[in-house]
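> Can you look at this prediction? I've put the sequence above it.
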Amino acid sequence: MARFSHGDPEGIKLVESSLELALAADSPEASRSLNNLSVATFIAGDARRAYELRRDSIAVDRKFGRDLMARFPAYPEHAG
């Protein structure tokens, strides 16, 4: 996420890689990766996909009995 925040578009690929690893390991960290990817996607201009990723991050978080990602403001459902 830091690389993307500093203008390196390859940073999104790193976040996607971290998501793949977290999902493969069935790790609760997948929710954080999904949230980070959601933010990067929103900044890149794809609000609809960002909303879907955000929704997925909350679902994964709750799957593990957590509610950490729900604390962040959600995008409007009509985004995009």
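That came in fine, so what should we check first?
> The closest residue to Asp67 other than its chain neighbours: how many residues sit nearby?
In space, and not counting its chain neighbours, Asp67 is closest to Asp61: 6.4 Å by Cβ to Cβ, 6 or more residues apart in numbering. The C-beta positions use only the backbone N, C-alpha and C, and glycine is treated the same way. Neighbourhood size, Asp61 [other Cβ atoms under 10 Å]: 21.
> how close does Asp61 get to Gly45?
25 Å (Cβ to Cβ, to the nearest Å).
> if we can go back for a sec, now do the contacts for the residue nearest to Asp67.
Pro28, Ser31, Asp67, Leu68, Met69, Ala70 (Cβ atoms under 8 Å, 6 or more residues apart in numbering).
> let's see it at 6 Å
Ser31, Leu68, Met69 (Cβ atoms under 6 Å, 6 or more residues apart in numbering).
> Okay, and it sits in which element?
Mapping Asp61 onto the secondary structure by DSSP states H and E places it in helix 47-63.
> What does the pLDDT read for Ala70?
pLDDT recorded at Ala70 is 78.
> brain fart, Ala47
Ala47 carries a pLDDT value of 91.
> Provide the count of other residues in contact range of it.
15.
> Repeat that for Gly65.
Gly65 has 7 nearby residues by other Cβ under 10 Å.
> distance of it from Ala24?
20 Å.
> same deal with Ser17?
With the distance defined as Cβ to Cβ, Ser17 ends up 11 Å from Ala24.
> and the residue lying closest to Glu29 once chain neighbours are set aside, how far is that from Leu37?
Counting by Cβ to Cβ, 6+ apart, Glu29 lies nearest to Ala22, which is 4.6 Å off, once chain neighbours are set aside. For Ala22, the distance to Leu37 under the criterion Cβ to Cβ works out to 11 Å.
> more crowded one of the two?
Comparing Ala22 with Leu37 by other Cβ under 10 Å, the one with more neighbours is Leu37, at 23 against 18.
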